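1. Predicted model and sequence below, questions to follow.
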Amino acid sequence: MRKAILAGLLCVFASCAPRPLVPPSNGTIIPTPAFWESITPIGEILADPSGYQGREVTILAYYRGWDLLGEAGVGPPLTRSDVAVADPTGCIYIAPAGEEAMKDIPLRPFDREATETLLRLHGQVRRSPRGQPYILVTKGEVWNGLPARVLLRVRRTGGIAGMDHELMAMADGTLYFLDRKNRLHVRWKTTPDAVARTVEGLRPFLDQEVGTPVPDGFAYAVTVQEGEQIRKVIFHEGTLPGAADPALAPLREWLREAMERAPYPPPTPTAHPDAVRAAIRFLAMQLDLSPEAIRVIAWEPVDWPDAALGCPEPGKVYAQIITPGYVVFLEARGETFRVHTDRTGERACRP
């Protein structure tokens, strides 16, 4: 009897306390919320829909409306009013079990701003007549936090091309990248230790805004789950103190790798003038990349004031004549590059 009581007390205390994850190499323990244990990742449901058929589940997922960010990959299972929700492991449609089920979630399915809203949803896994899984929601509420097992989330916005990238890192090392603008996503794995070290590196900057906004600069809005607490920091690239670079380095590297892994369509050579294609080849040689790994963002014809094409080198003399050409904006490795050319593309340079 005493053993049973002791076991019960241990269970109660364990459920109330934050659960530690595998410690990073420096020995620091990162606490996580106890309620995560009751959350089912969407990816597990999608991987075994017949096994989950009829089961009650609770999920933590972002509202995606009418699959506004292209994560579901399929149409709604029942009616056109069905909406999608997504976590880093997958995307699934939901349908309310009744009028009261989602009365506290006044979101519009066509509103892209609503896709930042995290929801806690409880319901039963069902399958449509075509076999597509969905969740019949009996209770839903807006939630403050991150999806289960996500230790950090970063949203990178800005740049000349107006990028809008999202990255989530999970405790098991799963990384999920979403190009919100181009509706592309990709998942891959790093190590749990790498994720934990990245969180530790960000900790000195949490609850701050680091740097100041600059035109065409990137902003990194980072959210970290620390036990039951959510902490945030915004980094403004271009005006950062040197100490911030090591903290941002893993995020930049993950975003660079994501851009290489994401299924971006290859550029269509015939869609651009010869000079633009020459700019692609020029940048590919500089970065030691395949031209197919470079994406054209924008280009426009310009009249350079002299033969330097806007890239004068110290000590050189240039013909002082108006030189027609192009300014070309290219994207590679998650960064934006500017290339100047003459009219034919025989000469190219970077300012």
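-> Sure, I can see it. Residues are numbered from 1 along each chain as shown.

2. can we go C-alpha only for contacts and neighbour counts from here?
-> Noted.

3. now the helices: where do they sit in the stretch 251-351 of the chain?
-> 274-287 (DSSP state H, counting those that start in this stretch).

4. Equivalent analysis for the stretch 101-250 of the chain, please.
-> Counting by DSSP H, counting those that start in this stretch, the helices of the stretch 101-250 of the chain are 192-202, 244-261.

5. so which of the ones you listed comes closest to Leu330?
-> helix 244-261 (13.1 Å; Cα to Cα).

6. Does anything pack onto that closest one? Which helices or strands?
-> In terms of contacts (3 or more Cα pairs under 8 Å, 6 or more residues apart in numbering; DSSP states H and E), helix 244-261 is packed against helix 192-202.

7. from the helices of the stretch 101-250 of the chain, which stretch is densest packed?
-> The highest mean neighbour count among those, using mean count of other Cα atoms under 10 Å, belongs to helix 192-202: a mean of 20.

8. gap between that one and the chain center?
-> Distance of helix 192-202 from the chain centroid (Cα atoms, centre = their mean, to the nearest Å) equals 17 Å.

9. Quick one: mean pLDDT over that helix.
-> Here helix 192-202 scores 95 as its mean pLDDT.

10. got the CA positions of that helix in CSV?
-> Provided in CSV are the C-alpha atoms of helix 192-202 (Å, rounded to 0.1, in the frame of the first residue of the first chain):
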residue,chain,number,x,y,z
PRO,A,192,19.8,17.2,-30.4
ASP,A,193,23.1,18.5,-29.0
ALA,A,194,23.4,21.1,-31.8
VAL,A,195,19.9,22.4,-31.0
ALA,A,196,20.6,22.5,-27.3
ARG,A,197,23.9,24.4,-27.8
THR,A,198,22.1,26.9,-30.1
VAL,A,199,19.5,27.6,-27.4
GLU,A,200,22.3,28.1,-24.9
GLY,A,201,24.1,30.5,-27.2
LEU,A,202,21.0,32.6,-27.6
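
11. ok, back up a step: tell me which of the helices of the stretch 101-250 of the chain approaches Thr58 most closely.
-> That would be helix 192-202 among those, by Cα to Cα, at 24.4 Å.

12. Mind giving me the packing neighbours of the closest one?
-> strand 150-158, strand 163-170, helix 244-261.

13. got a markdown table for these, with mean pLDDT and distance to Thr40 too?
-> Formatted as a markdown table, the entries for the helices and strands packed on helix 192-202 read as follows, by pLDDT from 0 to 100; distance: least, Cα to Cα, whole Å:
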| stretch | mean pLDDT | distance to Thr40 |
| --- | --- | --- |
| strand 150-158 | 95 | 13 |
| strand 163-170 | 95 | 14 |
| helix 244-261 | 93 | 25 |
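
14. Just send the ones you listed back as a markdown table, with distance to Arg187 too.
-> Putting these into a markdown table (distance: least, Cα to Cα, whole Å) gives the following:
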| stretch | distance to Arg187 |
| --- | --- |
| strand 150-158 | 13 |
| strand 163-170 | 10 |
| helix 244-261 | 8 |
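
15. Quick one: closest of those to Lys103.
-> That would be strand 150-158 among the helices and strands packed on helix 192-202, by Cα to Cα, at 27.0 Å.

16. got the helices of the stretch 101-250 of the chain as JSON lines, with distance to Pro215 columns?
-> Below are these laid out as JSON lines (distance: least, Cα to Cα, whole Å):
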{"stretch": "helix 192-202", "distance to Pro215": "24"}
{"stretch": "helix 244-261", "distance to Pro215": "19"}
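
17. Looking at these, spot the one closest to Ala275.
-> helix 244-261 (24.4 Å).

18. In terms of pLDDT, where does the residue lying closest to Pro305 once chain neighbours are set aside sit?
-> If the residues on either side of it in the chain are set aside, Pro305 comes closest to Ile322, at 4.9 Å by Cα to Cα, 6 or more residues apart in numbering. On pLDDT, Ile322 comes in at 89.

19. From what I see, Ile322 and Ala308 are in contact.
-> No: with contacts counted by Cα atoms under 8 Å, Ile322 stays clear of Ala308, the gap being 10.0 Å.

20. Between these two, which has more neighbouring residues?
-> Of the pair Ile322 and Ala308, Ala308 is the one with more neighbours under other Cα atoms under 10 Å, namely 23 against 13.

21. Roughly how far does that one sit from Ser290?
-> 27 Å (Cα to Cα, to the nearest Å).

22. Next one: Arg333 from Ala258, what distance?
-> Shown here: Arg333 relative to Ala258, a distance of 8 Å by Cα to Cα.

23. do the same with Lys232
-> Distance from Lys232 to Ala258, by Cα to Cα: 22 Å.

24. Ala219 is nearest to which of the helices and strands packed on helix 192-202?
-> Nearest to Ala219, of the helices and strands packed on helix 192-202 and by Cα to Cα, is strand 150-158 at 5.4 Å.

25. per-residue pLDDT, the residue lying closest to Arg127 once chain neighbours are set aside?
-> Excluding the flanking residues, the one nearest Arg127 by Cα to Cα, 6+ apart is Pro133, at 4.3 Å. We have a pLDDT of 97 for Pro133.

26. Could you do Lys181 as well?
-> 89.

27. What count of nearby residues applies to it?
-> Around Lys181 there are 11 residues (other Cα under 10 Å).

28. now do the one 3 residues further on
-> Taking other Cα under 10 Å as the criterion, the count of residues near Leu184 is 17.
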